[in-house]
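A.B. asks: Could you look at this predicted model? Sequence included:
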Number of protein chains: 2
Amino acid sequence: MVTFDFIAFDADDTLWHSERLYAEAQKQFTQLLASYHDPEWINDRLYQTEIRNIQHFGYGVKAFALSLIETAIELTEGRISSREIQEIVDWAKKMLNSDVELLPYVSQIIPQLSSQYPLMIITKGDLLDQETKIKKSGLGKYFQHIEIVSQKTLEGYEKLLRKYSVEPGHFMMIGNSLPSDILPVLKLGGSAVHIPYEITWLHETAEQPPRDHSGYYELENLGQLPLLLERITQNRE
Amino acid sequence: MVTFDFIAFDADDTLWHSERLYAEAQKQFTQLLASYHDPEWINDRLYQTEIRNIQHFGYGVKAFALSLIETAIELTEGRISSREIQEIVDWAKKMLNSDVELLPYVSQIIPQLSSQYPLMIITKGDLLDQETKIKKSGLGKYFQHIEIVSQKTLEGYEKLLRKYSVEPGHFMMIGNSLPSDILPVLKLGGSAVHIPYEITWLHETAEQPPRDHSGYYELENLGQLPLLLERITQNRE
């Protein structure tokens, strides 16, 4: 009774905590620059720098670190000390070395689902960082395919589905980001399960699809997924 | 009469120029720090930092930029100005935005070979940067598979060969780096063609295999590859 050929998961903030590492570093960053500007202005300028730099640096911790450095220099008009810049580089290393903390239900649900469906990870960010986290998570063995991509676009999903010969109607994506994990998959005619994370980076926000959009589901946590899958696969028969 | 199921190419400094962008930036870096240290010492310290940081940052331009910044702070004992650090960030952007310059013979040989053999790219570095370069090169359409990996190890090649169901004896890798492109492939029993580039990063140097090592070939340029392939495939019959 498998109606999905593949169930794919986003990784950061879907399988394990990630955004709070960025939020923590960003908090330290506003403290570092506290004598120059208020936190809101710092956060706003940082965001502008990050968005501007995506075209050069892409996503991930290294890109974030370079944007922090650039913003610090800009906002202090060059008065930030190089020792403080070294602190930023050290934050990046700390972020990259931090333990992987699985989100609730992940350690039970993923092994359980992997015995019923072929599972896949589709994640974006730094190649080495993502590989390291998958290794640290101990979850790698439950996923048939792991795809680390530079962007999650409609074309990107189309290419992946072609690569694995999956019809969109038999594909489900689960993730915390509406623009990256949900909207492009729905547009292709796939199913998409949105599980919001406690923090959402502004760049990953988007308007929610209508609740009754075909193939669109919203859950509070991964623990609710098996019941949803049961409901969907039974309805379809 | 195809005896190779796949011919795989490294990208940076095998299909297009790359290392000279790093060398150029490194030259500017020694000039930036000229009042503190002599170029040899700077290059040596930078190399130590890069090697130490590979575990955190992996390979590629962003990793290089963060190591340049860290080395500059260390070697000037924090006296480098943040304006100068911004210069380093700008070099990184310039490197990432620079045009892709194909190496000699590439634009003729790759299309020609692609009509005879399934071709693959196996390259390491930043995901987005490598994708961008493949796009800019215009060569993407000649390669059946493109694999961007974080490291080129024996285990990595083994996994790729398994993924594409290729026997090592029917696999050929072509590249400029002995430790990344040649030695692991020979160890697996594959064929490997070393085409040295004009500059080799110290980290990518290794002792050459004996000239008569089974499956090992050395060429001066890619223009010599078709003749070598002809020779190998005819001998094998």
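C.D. replies: Cool, got the structure. These figures come from a predicted structure and were not determined experimentally.

A.B. asks: low-scoring pLDDT stretches of chain A, where are they?
C.D. replies: A:1-2, A:236-237 (pLDDT under 70).

A.B. asks: which residues in it form strands?
C.D. replies: Counting by DSSP state E, chain A has strands at residues A:6-9, A:119-124, A:145-149, A:171-175, A:191-194, A:216-218.

A.B. asks: all helices of chain A, in order?
C.D. replies: A:19-32, A:39-57, A:61-75, A:82-97, A:106-114, A:127-137, A:154-163, A:183-187, A:225-235 (DSSP state H).

A.B. asks: Wondering if the second one reaches chain B at all.
C.D. replies: This means helix A:39-57. Yes. Using Cβ under 8 Å from any Cβ of the partner chain, we find that helix A:39-57 touches chain B at A:53, A:56-57. Placement of C-beta: from N, CA and C, glycine included.

A.B. asks: can you redo those residues as a markdown table with distance to residue B:194?
C.D. replies: Output for the residues of helix A:39-57 next to chain B, formatted as a markdown table (distance: Cβ to Cβ, whole Å):
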| residue | distance to residue B:194 |
| --- | --- |
| A:53 | 37 |
| A:56 | 32 |
| A:57 | 32 |
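
A.B. asks: Among those, which one has the most neighbours?
C.D. replies: For the residues of helix A:39-57 next to chain B, counting by other Cβ atoms under 10 Å in any protein chain shown, the largest number of neighbours falls to residue A:57: 27 neighbours.

A.B. asks: I'd assumed residue A:68 was in contact with that residue.
C.D. replies: No. Contact status for residue A:57 versus residue A:68: not in contact, 11.5 Å apart, counting by Cβ atoms under 8 Å.

A.B. asks: Could you tell me which residues of chain A lie near chain B?
C.D. replies: Taking Cβ under 8 Å from any Cβ, the part of chain A that reaches chain B is made up of A:53, A:56-58, A:62-63, A:65-66, A:69-70, A:72-73, A:76, A:78-83, A:85-86, A:89, A:92-93, A:96-97, A:126-129, A:131, A:148-151.

A.B. asks: Buried members of these into ChimeraX, please.
C.D. replies: Selecting just the buried residues from these in ChimeraX takes one command, with 16 or more other Cβ atoms under 10 Å in any protein chain shown as the test:
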select /A:53,56,57,58,62,63,65,66,69,70,72,73,76,80,81,82,85,86,89,92,93,96,126,127,128,129,131,148,149,150
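
A.B. asks: For residue A:43, find the nearest of the strands of chain A.
C.D. replies: When these are ranked by proximity to residue A:43, the top entry is strand A:119-124, at 22.2 Å, counting by Cβ to Cβ.

A.B. asks: now the nearest residue to residue A:133 once chain neighbours are set aside: how far from residue A:148?
C.D. replies: With sequence-adjacent residues excluded and distances taken as Cβ to Cβ, 6 or more residues apart in numbering or on different chains, residue A:133 is closest to residue A:100, at 5.1 Å. As judged by Cβ to Cβ, to the nearest Å, residue A:100 and residue A:148 stand 15 Å apart.

A.B. asks: show me what contacts residue A:127?
C.D. replies: When contacts are counted by Cβ atoms under 8 Å, 6 or more residues apart in numbering or on different chains, residue A:127 touches A:148, B:58, B:126-127, B:148-150.

A.B. asks: Quick check: residue A:64 touching residue A:91?
C.D. replies: No. In this structure residue A:64 lies outside contact range of residue A:91 using Cβ under 8 Å: 9.0 Å.

A.B. asks: picking up where we left off before, looking at it, the residue nearest to residue A:133 is touching residue A:137, isn't it?
C.D. replies: Yes. Taking contacts as Cβ under 8 Å, residue A:100 lies within contact range of residue A:137: 4.7 Å.

A.B. asks: any shared contact partners between the two?
C.D. replies: residue A:16.

A.B. asks: If you count surrounding residues, which of those two has more?
C.D. replies: For residue A:100 versus residue A:137, the count of surrounding residues by other Cβ under 10 Å is larger for residue A:137: 20 against 17.

A.B. asks: Now do the same contact list for the residue lying farthest from the centre of chain A.
C.D. replies: Distance from the centre of chain A peaks at residue A:79, with 34.1 Å (Cα atoms, centre = their mean). By Cβ under 8 Å, 6+ apart, the residues touching residue A:79 are A:36, B:82.

A.B. asks: measure it to residue A:71 for me?
C.D. replies: Using Cβ to Cβ, residue A:79 is found at 13 Å from residue A:71.

A.B. asks: what's the burial count for the nearest residue to residue A:149 once chain neighbours are set aside?
C.D. replies: Computed as Cβ to Cβ, 6+ apart, the closest residue to residue A:149 that is not its neighbour in sequence is residue A:124, at 5.2 Å. Other residues lying near residue A:124 total 23 when counted by other Cβ under 10 Å.

A.B. asks: pretty sure residue A:124 is touching residue A:152, no?
C.D. replies: Yes. Applying Cβ under 8 Å, one finds residue A:124 in contact with residue A:152, separated by 5.6 Å.

A.B. asks: Common neighbours of these two, please.
C.D. replies: When contacts are counted by Cβ under 8 Å, 6+ apart, the set common to residue A:124 and residue A:152 consists of residue A:180.

A.B. asks: about what we covered before: residue A:64 and residue A:91: which is more packed in?
C.D. replies: Using other Cβ under 10 Å, the more surrounded residue of residue A:64 and residue A:91 is residue A:64, with 25 against 22.

A.B. asks: Can you report how many residues neighbour residue A:34?
C.D. replies: Number of residues near residue A:34 (other Cβ under 10 Å) recorded here: 11.

A.B. asks: same deal with the one 10 residues further on?
C.D. replies: Burial of residue A:44, expressed as a neighbour count using other Cβ under 10 Å, amounts to 13.

A.B. asks: now do residue A:101
C.D. replies: Residues near residue A:101, counting by other Cβ under 10 Å, number 13.

A.B. asks: ok, it - contacts?
C.D. replies: A:16-17 are the contacts of residue A:101 under Cβ under 8 Å, 6+ apart.

A.B. asks: ok, now how distant is it from residue B:220?
C.D. replies: In this view, residue A:101 and residue B:220 are 52 Å apart by Cβ to Cβ.

A.B. asks: repeat for residue A:149
C.D. replies: Residue A:149 sits at a distance of 37 Å from residue B:220 (criterion: Cβ to Cβ).

A.B. asks: got it, and residue A:90?
C.D. replies: Here the distance between residue A:90 and residue B:220 works out to 45 Å (Cβ to Cβ).

A.B. asks: Between the two, which is the more surrounded one?
C.D. replies: Comparing residue A:90 with residue B:220 by other Cβ under 10 Å, the one with more neighbours is residue A:90, at 12 against 9.

A.B. asks: Domains in chain A, by residue range?
C.D. replies: In terms of domains, chain A is parsed into A:6-16+A:101-235, A:19-97 (source: automatic domain parsing).

A.B. asks: so can I have JSON lines of those showing distance to residue B:160?
C.D. replies: What follows is the domains of chain A, written out as JSON lines (distance: least, Cβ to Cβ, whole Å):
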{"stretch": "domain A:6-16+A:101-235", "distance to residue B:160": "13"}
{"stretch": "domain A:19-97", "distance to residue B:160": "23"}
